[in-house]
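[1] What would the 3D arrangement of this be:
(one chain, ligands or ions: 2)
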Amino acid sequence: MKLLNASQIHQWDQITIQNQQLTSLELMERAAKKCVDWIVENLDKKSTIYIFCGRGNNGGDGLAIAKLLLSLDFNIQVNILAGEKSSADFEANLKALKSTSLEINELHSANDFPKLEANCYVVDALFGSGINKPLNGLPLELANYLNNFSPKKVIAIDVPSGMFLDHSSYGNTIIQADEILTFQTYKQCFFIAENAQYLGNIHVLDIGLDAEFPYTQESNFEITDANFAKNIYQPRNPFGHKGTFGHALLIAGSQGKYGAALMAAHACLRTGVGLLTCNFPEEIAMPLAITLPEAMSMKRNETIDWDKYKSIGIGPGLGMESFDIIKDVLTHTKSPLLIDADGLNMIAANDELKSLIPQNAILTPHPKEFERLFGKTANEFDRIDLALQKSQELHCVIVLKGHNTLIAADGVGYFNTTGNVGLATGGSGDTLSGIITSLLAQGYISKNAAILGVYLHGLAADLALSKQSVESLLPSDLNQYLGMAFKSLG
Ligand SMILES: NC(=O)C1=CN([C@@H]2O[C@H](COP(=O)(O)OP(=O)(O)OC[C@H]3O[C@@H](n4cnc5c(N)ncnc54)[C@H](OP(=O)(O)O)[C@@H]3O)[C@@H](O)[C@H]2O)[C@@H](O)CC1
Ligand SMILES: [K+]
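    Numbers count the residues shown, from 1 in each chain. Ligands and ions are numbered 1, 2, ... in the order given. All right, here's what the predicted structure looks like:
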């Protein structure tokens with residue numbers, strides 16, 4: 001699913017109004033009704049709901065919500081920012097609300113802020129997709145007031161006020177949401193870790209916007225959900241033999257980091273590779289044979305037959321002392337390549353190695369490794385832009401690992417939607433390397449191996465939560481759930 005920017009979302013609104021022969025006020029009513037359905041189902045009617053409205057259409061939504069809640073006998077209190085300028089639909093809803101018995105509190109200064117009851121709810125309808133500058137003045141004071149109070153829940157309408165949809169809000173004040181009721185589609189800002197503290201649970205409400213419009217739009221960003229993964233999944237040929245599913249070579253492990261190599265190998269096997277050869281330190285050849293008898297092994301300094309392998313994965317637990325082997329691989333490989341961890345760190349420290357990265361290689365840095373490779377950026381949006389730029393320059397795929405891992409390929413960024421914080425532990429990346437190396441060996445093109453690998457890795461972690469908690473989850477647990485993750489694609 002494409003992620004649209006703020007201006008495209010605004011156009012989407014207009015196209016829907018045209019194509020469905022609606023008024024914008026009717027569309028607003030539809031949006032408000034969806035929010036109210038959610039509120040009725042999820043909030044405790046006994047607690048007061050304080051609704052804070054700006055004077056644009058986000059504020060208009062807030063007023064339309066207030067009108068509906070009033071008709072359902074919810075206990076509400078409505079506050080609007082004082083000001084001259086307002087949208088037509090805001091004015092129409094204000095007029096309608098003023099015709100009821102409800103008293104409306106106008107906020108001219110901080111003295112007008114209501115005293116919030118303990119255990120109340122706050123609906124944040126100050127600014128939505130029309131935000132065009134950081135909060136300042138009275139809205140800023142209000143945001144600080146609400147953030148300091150901590151009501152039972154803050155429900156943001158469309159986006160938390162103060163958050164830009166498609167560029168960085170780094171360092172700005174944003175109203176902290178517990179629940180976000182967003183219209184029709186995810187917004188790019190929801191996938192950015194620097195916004196994490198302001199984002200709560202995100203609920204996408206279908207308000208029936210024009211179904212065709214997103215397909216007519218150019219976008220540099222997409223999200224990879226179940227449908228996306230199903231489309232790129234290649235079901236296993238029932239007549240296949242071990243040669244059909246590729247022979248992978250995994251070059252990993254060093255003293256003190258043997259586990260990384262074993263975890264990568266295990267995940268590689270569980271992802272369906274036909275054959276796996278492990279180039280691991282000699283001292284773990286025996287533990288490997290005992291724990292993963294399906295894997296073959298070779299010595300670290302043994303000559304590699306470059307024609308033999310359908311994919312090579314290098315890096316998990318490799319250590320920084322393996323310069324010769326990474327150089328050898330970068331120079332000679334004829335197979336699709338995945339580079340992770342110390343493989344990346346050695347490249348970052350050496351310009352010659354950097355110049356040898358082959359086309360279509362998959363690089364899987366975490367943010368620190370990314371910084372070592374490509375430099376520091378002022379914020380996460382810039383880092384993502386840099387990943388897109390570097391993936392084009394180097395003709396490779398960059399998997400920027402994080403809460404919503406981004407796969408940068410061909411100038412497009414794909415945000416992954418599976419996974420949980422249980423993955424934030426040593427070994428997760430090694431498991432991911434094994435999975436992607438396996439998919440490469442099975443003939444997936446680099447971009448699809450990276451997208452599907454990241455998706456399956458996250459999904460296995462989500463499925464593992466049926467038995468584990470986000471605290472207890474171990475990367476090696478994922479191997480047991482890769483089977484279920486694959487089954488969900490069939
Ligand atoms: N898309 C859809 O499908 C649907 C959208 N709907 C709703 O419409 C919302 C978008 O509404 P919107 O365009 O009227 O903008 P909104 O966010 O209310 O801002 C209003 C004005 O505030 C101002 N302003 C900006 N930043 C500021 C700041 N920091 N401090 C102070 N002022 C600031 C700025 O005016 P300016 O300052 O430029 O004069 C801006 O024009 C959307 O989020 C959703 O809730 C639904 O109703 C139906 C379906
Ligand atoms: K809002």
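
[2] Would you mind naming what in the stretch 151-300 of the chain lies close to ligand 1?
    Proximity of the stretch 151-300 of the chain to ligand 1 (CB under 6 Å from any ligand atom) is limited to residues 157-158, 183, 207, 209. Bear in mind the C-beta positions are built from the backbone N, C-alpha and C, glycine included.

[3] which bits of this structure sit near ligand 2?
    124, 128, 156-157, 161 (CB under 5 Å from the ion).

[4] at 8 Å instead, please
    Proximity of the chain to ligand 2, by CB under 8 Å from the ion, involves residues 54, 58, 124-128, 156-161, 175.

[5] The chain - how does it break down into domains?
    The chain is divided into the following domains under automatic domain parsing: 6-219, 226-487.

[6] most packed of these?
    When the domains of the chain are scored by mean count of other CB atoms under 10 Å, the highest mean neighbour count falls to domain 226-487 (a mean of 20).

[7] ok so, going back, okay, the domains of the chain in TSV with mean pLDDT next?
    Putting the domains of the chain into TSV (pLDDT from 0 to 100) gives the following:
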stretch	mean pLDDT
domain 6-219	96
domain 226-487	96
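
[8] Of all residues in the stretch 351-490 of the chain, which one is closest to ligand 2?
    residue 381 (19.8 Å; CB to the ion).

[9] any chance you could map the helices in the stretch 101-250 of the chain?
    Counting by DSSP state H, counting those that start in this stretch, the stretch 101-250 of the chain has these helices, from start to end: 137-149, 226-232.

[10] Make a markdown table out of those and add distance to residue 404.
    As requested, these are exported to a markdown table (distance: least, CB to CB, whole Å):
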| stretch | distance to residue 404 |
| --- | --- |
| helix 137-149 | 24 |
| helix 226-232 | 14 |
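
[11] Would you tell me which of these gets closest to residue 340?
    helix 226-232 (21.2 Å; CB to CB).

[12] what helices or strands is the closest one leaning on?
    helix 446-464 (3 or more CB pairs under 8 Å, 6 or more residues apart in numbering; DSSP states H and E).

[13] Quick check: which helices or strands does the helix it packs on pack against?
    Packing contacts for helix 446-464, counted by 3+ CB pairs under 8 Å, 6+ apart, involve strand 221-224, helix 226-232, strand 362-363, strand 397-400, strand 406-409, strand 412-416, helix 428-441, helix 478-487.

[14] Which strands border the fourth one, and is each parallel or antiparallel?
    Okay, so that is strand 397-400. If you go by DSSP bridges, strand 397-400 pairs up with strand 362-363 (parallel), strand 406-409 (antiparallel).

[15] These: which one's closest to residue 25?
    strand 406-409 (38.1 Å).

[16] can you give me the strands for the stretch 151-300 of the chain?
    Assigned by DSSP state E, counting those that start in this stretch, the strands in the stretch 151-300 of the chain fall at 153-157, 179-183, 201-205, 221-224, 247-251, 275-279, 296-298.

[17] Export the strands paired with strand 397-400 to JSON lines and append columns for distance to residue 27.
    Below are these laid out as JSON lines (distance: least, CB to CB, whole Å):
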{"stretch": "strand 362-363", "distance to residue 27": "43"}
{"stretch": "strand 406-409", "distance to residue 27": "32"}
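
[18] Tell me which of the ones you listed sits nearest to residue 470.
    Counting by CB to CB, residue 470 lies closest to strand 406-409 out of those; the figure is 21.3 Å.

[19] quick one: that closest one to chain centroid distance?
    In terms of CA atoms, centre = their mean, to the nearest Å, the centre of strand 406-409 is found 11 Å from the chain centre.

[20] Then stretch 40-55?
    28 Å.

[21] hmm, it touching ligand 1?
    Yes: with CB under 6 Å from any ligand atom as the criterion, ligand 1 is reached by stretch 40-55 at residue 54.

[22] Do me a favour and get the end-to-end distance for that stretch?
    25 Å (CA to CA, to the nearest Å).

[23] Now do the same contact list for residue 68.
    Neighbour list for residue 68: 32-33, 36 [criterion: CB atoms under 8 Å, 6 or more residues apart in numbering].

[24] try residue 122
    Contact analysis of residue 122 by CB under 8 Å, 6+ apart lists 49-52, 116, 146, 151, 153-155.

[25] tell me which of these is nearest to residue 2?
    Distances from residue 2 to the contacts of residue 122, taken by CB to CB, are shortest for residue 155, at 26.5 Å.

[26] If that closest one is in a bridge, with which residues?
    Following DSSP bridges, residue 155 is listed with bridge partners residue 123, residue 179.

[27] Which residues are in contact with it?
    With contact set as CB under 8 Å, 6+ apart, residue 155 has these partners: 39, 43, 121-124, 177-181.

[28] quick one: secondary structure of the closest residue to residue 333 other than its chain neighbours?
    Excluding its sequence neighbours, the residue lying closest to residue 333 (CB to CB, 6 or more residues apart in numbering) is residue 312, at 5.6 Å. Classification of residue 312 using DSSP: H, G, I helix; E, B strand; the rest coil returns strand.

[29] and residue 312, how far is that from ligand 1?
    47 Å (CB to the nearest ligand atom, to the nearest Å).

[30] same check, this time on residue 116
    In terms of CB to the nearest ligand atom, residue 116 sits 22 Å off from ligand 1.

[31] next one: residue 180
    Residue 180 sits 11 Å away from ligand 1, going by CB to the nearest ligand atom.

[32] quick one, what contacts that residue?
    With CB under 8 Å, 6+ apart, residue 180 has these contacts: 155-156, 158-160, 190, 199-203.

[33] closest to residue 405 among those residues?
    Nearest to residue 405 out of the contacts of residue 180 is residue 190 (CB to CB; 14.3 Å).

[34] check contacts around the closest one.
    Neighbours of residue 190 in contact, by CB under 8 Å, 6+ apart: 180, 182, 199, 202.

[35] Next: residue 309.
    247-249, 277, 335, 441.
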